[in-house]
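Asker: here is my input, please return the structure:
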Amino acid sequence: MSSTLILYGTLGCHLCEEALQLAAPVAEYAGVTLREVDIAGDDALEEAYALSIPVLERQPQGERLYWPFDRAQVETLLRS
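Answerer: Presented below is the predicted three-dimensional model:
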């Protein structure tokens, strides 16, 4: 089963940009799709992640990494 990484964040979030720069090469190397989701304007996502972004989620497994995370943690998430 193929996995997708979802990066929850929002525009203007410098930590989200940093997380994207960290996660993108790992996802590309692993052959996994990385998709950015802007939580702004989505009440459910804002409630879930407003104080936590950036958040990286592996789907369909639903496992999450909350910032701060590093390359090794992203690699472990993809292997789990």
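Asker: and D43, how far from C13?
Answerer: Remark: distance between D43 and C13 (C-beta to C-beta, to the nearest Å) = 18 Å. Backbone N, C-alpha and C define where each C-beta goes, glycine included.
Asker: where does the protein dip in pLDDT?
Answerer: For the chain, applying pLDDT under 70 flags the ranges 1.
Asker: which helix runs longest in this structure?
Answerer: The residue-count maximum for a helix in the chain (DSSP state H) belongs to helix 14-30.
Asker: residues in contact with Q61?
Answerer: 3, 80 (C-beta atoms under 8 Å, 6 or more residues apart in numbering).
Asker: what residues sit buried inside the longest helix of the chain?
Answerer: Under the neighbour-count criterion of 16 or more other C-beta atoms under 10 Å, helix 14-30 has 16, 19-20, 22-23, 26-27, 30 buried.
Asker: who touches that helix?
Answerer: Here helix 14-30 makes contact (C-beta under 8 Å, 6+ apart) with 5, 7, 9-10, 33-34, 36, 53-54, 56, 67, 69-71, 74-75, 78.
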